[in-house]
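*Asks:* with the input below, show me the fold.
(one chain, ligands or ions: 1)
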Amino acid sequence: MNLIKRFERNTAGRDFAVGDIHGHFTRLQAALDAAGFDSAVDRLFSVGDLVDRGPECRDALDWLAKPWFHPVRGNHDDYVVRFDTCDVDNWIYNGGSWFAGLSLYEQKEFAVQFAELPIAIEVETQEGLVGIVHADCSFLSWDELRAELDTPESKKRLKLVMNTCMWSRSRIENQEPHGVLGIRALIVGHTPMSQPARLGNVIHIDTMGWMPGRGHFTLINLHTLETIPAMPAKLDWEAA
Ligand SMILES: [Mn+2]
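*Replies:* Numbers count the residues shown, from 1 in each chain. Okay, the predicted model is just below:
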């Protein structure tokens, strides 16, 4: 299986990415409808965290079956992959109790399908390559991350790289301005923000669409890098 997946340019329609979903697919669909998303030609990429916290986690498999929906793996999705070995108490504390309500057959089906989720996605656009990971690319350049995921030095090192991609908050916490070389933009989620924010060419889009009454889903057009709703100029976030 490929830990990094590349998508050719979409010449027929638009490409969007959306922030963490966390079991709120009805709200996601409403955001797509509001943006005039056309599933015949448009594609939706996702920064992952499809499940936990929200009421519609079971719908994640239906969404994975949609030919236009392409998520990377978030830290919550990785709990599903490792359901029989992970820290279950910590998972349940973080919204994972829905999984215990599934039959063993269903649990295994989820784990098998979630194990197929790549750690990183790269999408060709008219203006250049756009990358997507759940939390961060910890390397100076996208080429380094691609090499680490394509041909890992060791299992131990690969695990470290994958965990950083799925868990790290250091870039946003330290407000690192330098961005990632060799890529036009990197789209990430994982750290809840009241508004989308950009640090160098790294754009944070988890605006808590999974938190009814408080957040909203942000869609970013991968060609124009414009967001729906529009991105304010100032950097503004709140820690998880
Ligand atoms: Mn996350």
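*Asks:* name the nearest residue to the residue of the chain found nearest the ion, sequence neighbours excluded.
*Replies:* Nearest residue of the chain to the ion: His190, at 3.9 Å (C-beta to the ion). Heads up, the C-betas are built off the backbone N, CA and C, glycines and all. Counting by C-beta to C-beta, 6 or more residues apart in numbering, His190 lies nearest to Ala135, which is 4.0 Å off, once chain neighbours are set aside.
*Asks:* so what pLDDT did the one you found get?
*Replies:* Ala135 carries a pLDDT value of 98.
*Asks:* Ala230 too?
*Replies:* For Ala230, the pLDDT comes out at 86.
*Asks:* for it, give its distance to Asn163.
*Replies:* If you measure Ala230 against Asn163 using C-beta to C-beta, to the nearest Å, the figure is 33 Å.
*Asks:* those two: which is more packed in?
*Replies:* Set Ala230 next to Asn163 and count neighbours by other C-beta atoms under 10 Å: Asn163 wins out with 15 against 9.
*Asks:* ok, the host helix or strand of the more buried one near the ion or not?
*Replies:* Element membership for Asn163, per DSSP states H and E: helix 155-167. No: Helix 155-167 does not reach the ion (C-beta under 5 Å from the ion); its nearest approach is 7.1 Å.
*Asks:* number the residues from 491 up from this point.
*Replies:* Fine by me, first position is 491 from now on; the one you just mentioned is helix 645-657.
*Asks:* let me see the ranges of the strands in this protein.
*Replies:* Applying DSSP state E to the chain gives strands spanning 494-497, 505-508, 533-536, 559-561, 610-615, 618-623, 675-678, 687-689, 692-694, 709-711, 717-718.
*Asks:* and these as JSON lines, adding mean neighbour count?
*Replies:* Output for the strands of the chain, formatted as JSON lines (neighbours: other C-beta atoms under 10 Å):
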{"stretch": "strand 494-497", "mean neighbour count": "17"}
{"stretch": "strand 505-508", "mean neighbour count": "25"}
{"stretch": "strand 533-536", "mean neighbour count": "23"}
{"stretch": "strand 559-561", "mean neighbour count": "21"}
{"stretch": "strand 610-615", "mean neighbour count": "21"}
{"stretch": "strand 618-623", "mean neighbour count": "24"}
{"stretch": "strand 675-678", "mean neighbour count": "26"}
{"stretch": "strand 687-689", "mean neighbour count": "19"}
{"stretch": "strand 692-694", "mean neighbour count": "24"}
{"stretch": "strand 709-711", "mean neighbour count": "22"}
{"stretch": "strand 717-718", "mean neighbour count": "20"}
